Structure formats: C-alpha cells, structure tokens
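Participant: let me see the structure of the following:
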Amino acid sequence: MRHHTDEGNGLTKRKTPLHFGFTLLEVMVALSIISIVITAVFGLQSQTVVLNTNSQFDTKAPFLAQLKITEIIAGISNHGEDQEGNFGDEFPGYAWRSSVKDVNSEIIGSFAEKMKHINVTVTFNEEEFVYTLTTYRLIQE
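Facilitator: All right, here's what the predicted structure looks like:
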C-alpha cells in the first residue's frame with residue numbers, strides 16, 4: 001500500500017493511505033461465497049417443504065382410508081361397485097376411490113359368500129401422492 005507523507009509545517013510527519021476500501025477481487029470472492037451459501041439455504045428450504053408435505057400425507061392418508069372403510073362397512077348394502085369423492089373442506093386436496101367386490105374362493109367355500117374385498121385409495125394433490133388400503137371383511141347382512 002502506498003503512503004503519502006504529510007509534512008505540514010515540518011514539525012510532525014504523518015503517513016496516510018491514498019486508497020481506501022476493498023479491491024474488485026475481494027468483492028467478487030465475497031459475492032461468490034454469499035451466492036453459494038444462499039443457494040444452499042434455498043435448496044434446504046425447498047427440500048424441507050417437500051419432506052413436510054410427504055410427512056403430512058403419510059400421517060393423514062391411513063386415517064382417512066380407515067375412516068372411509070368404516071363408512072363403507074356401515075353402509076355396505078348401499079355401496080355400489082366403485083365409488084369416488086373427496087373429503088370436503090376439512091381435508092382440501094384429498095380424494096378417495098373405493099371398490100367393494102365379492103370374494104370367490106373354493107378354499108373357504110360358502111364362507112366366502114359373506115366376505116367382501118374392500119379397496120380404498122386416498123390421493124392428494126391430483127394423485128401426486130397415493131395411498132391404498134385393502135381389507136377383507138365378514139359382512140353379516
């Protein structure tokens with residue numbers, strides 16, 4: 001760094017720098033480091049949002065599917081072959097499809113006539129996430 005000598009009245013000598021501040025190279029390095037850190041932080045934030053959505057779906061979907069199966073069993077005589085719908089304003093973006101089929105099995109014989117194969121699929125965000133629950137139930141009509 002260059003210094004300028006200020007002799008003033010000749011009694012004191014003082015050195016003062018001619019240039020103040022950062023060099024262009026120092027500024028560019030600092031901006032590069034900041035941009036790398038910000039990019040990493042935004043990437044982590046985005047990944048956190050996706051993982052949170054996955055976690056919420058993985059928690060809600062089994063309960064919603066079980067709720068729908070319970071409703072189907074309660075009104076099994078009124079349930080058609082295949083049905084679909086949504087869970088209303090309480091669970092926006094969630095939808096369901098269900099099917100109830102008779103069980104045909106030679107192994108369990110006449111017992112199969114009272115069995116139903118119930119399949120419920122819960123979807124979220126226009127089928128971005130899908131959860132399917134299948135069960136067999138003995139239905140006494």
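Participant: what secondary structure does residue 100 sit in?
Facilitator: strand (DSSP: H, G, I helix; E, B strand; the rest coil).
Participant: do I have it right that it meets residue 75?
Facilitator: No. With contacts counted by CB atoms under 8 Å, residue 100 stays clear of residue 75, the gap being 10.4 Å. (C-beta placed from N, C-alpha, C; glycine too.)
Participant: give me the number of residues near residue 113?
Facilitator: Residue 113 has 12 neighbouring residues, counting by other CB atoms under 10 Å.
Participant: so what's the closest residue to it other than its chain neighbours up against?
Facilitator: Among residues not flanking residue 113 along the chain, residue 102 sits closest, at 7.6 Å (CB to CB, 6 or more residues apart in numbering). Contacts for residue 102 (CB atoms under 8 Å, 6 or more residues apart in numbering) come out as 112-113, 115-117.
Participant: show me what residue 102 is bridged to.
Facilitator: For residue 102, the beta-bridge partners are residue 116 (DSSP bridges).
Participant: okay, now the unreliable bits of the protein?
Facilitator: Low-confidence segments of the chain (pLDDT under 70): 1-19, 77, 79-80, 141.
Participant: could you rerun that using 90?
Facilitator: Residue ranges of the chain with pLDDT under 90: 1-22, 41-51, 53, 71-82, 101-116, 126-127, 137-141.
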